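# the following comprises the amino acid sequence and a computationally predicted model.
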Amino acid sequence: MTNAPRTLVFYTKPDCPLCDKAWPLAQQLAARFELALVRVDIRSDPALEGRYGEKIPVLVLGERELGWGRLSERALERQLGEATGR
């Protein structure tokens, strides 16, 4: 693996049912691909809130947005495999 990003970022905000449902999936994927996982509340930064607004949850690895909204486990696995060289 060459310089692959090692931190998976989960953008969320409170009272987000899709986020609550997707968080366990993000945890499983991070463990499976040996990635650190960081949960970020988009309300902590106006730029994040403007960028992601109603798209949440959003899962990002490095500069690569892997998915948003209703996250698909199969699609995320494929993208993480490509991004991490697995």
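The structure has been received and is ready for your questions. In this text the structure is predicted, and so the values were computed from the model without any measurement.

# SS state for the residue nearest the centre of the chain?
When C-alpha atoms, centre = their mean is applied to the chain, the residue found nearest the centroid is Leu59 (1.7 Å). Classification of Leu59 by DSSP: H, G, I helix; E, B strand; the rest coil places it in strand.

# so it sits against Leu18, correct?
No - counting by C-beta atoms under 8 Å, Leu18 is not a contact partner of Leu59; they are 11.6 Å apart. Glycine gets a C-beta too; all of them are placed from N, C-alpha and C.

# in terms of secondary structure, what does the helix or strand harbouring Ala83 contact?
Assigned by DSSP states H and E, Ala83 falls within helix 73-84. Applying 3 or more C-beta pairs under 8 Å, 6 or more residues apart in numbering; DSSP states H and E, one finds that helix 73-84 contacts helix 17-32, strand 58-61, strand 64-68.

# that older thread, show the contacting residues for the residue nearest to the centre of the chain.
The neighbourhood of Leu59, defined by C-beta atoms under 8 Å, 6 or more residues apart in numbering, consists of 8-11, 22, 26, 29, 65-68, 71, 76.

# try it again at 6 Å.
The contact partners of Leu59, by C-beta atoms under 6 Å, 6 or more residues apart in numbering, come to 10, 66-67.

# now the residues you listed as JSON lines including pLDDT and neighbour count?
Shown next, in JSON lines, are the contacts of Leu59 (pLDDT from 0 to 100; neighbours: other C-beta atoms under 10 Å):
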{"residue": "Phe10", "pLDDT": "98", "neighbour count": "22"}
{"residue": "Leu66", "pLDDT": "95", "neighbour count": "23"}
{"residue": "Gly67", "pLDDT": "95", "neighbour count": "19"}
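
# which of those sits closest to Leu48?
Set against Leu48, the nearest of the contacts of Leu59 by C-beta to C-beta is Phe10 (12.1 Å).

# verify the stated contact: that closest one with Gln28.
No - using C-beta atoms under 6 Å, Phe10 is not in contact with Gln28, being 12.0 Å away.
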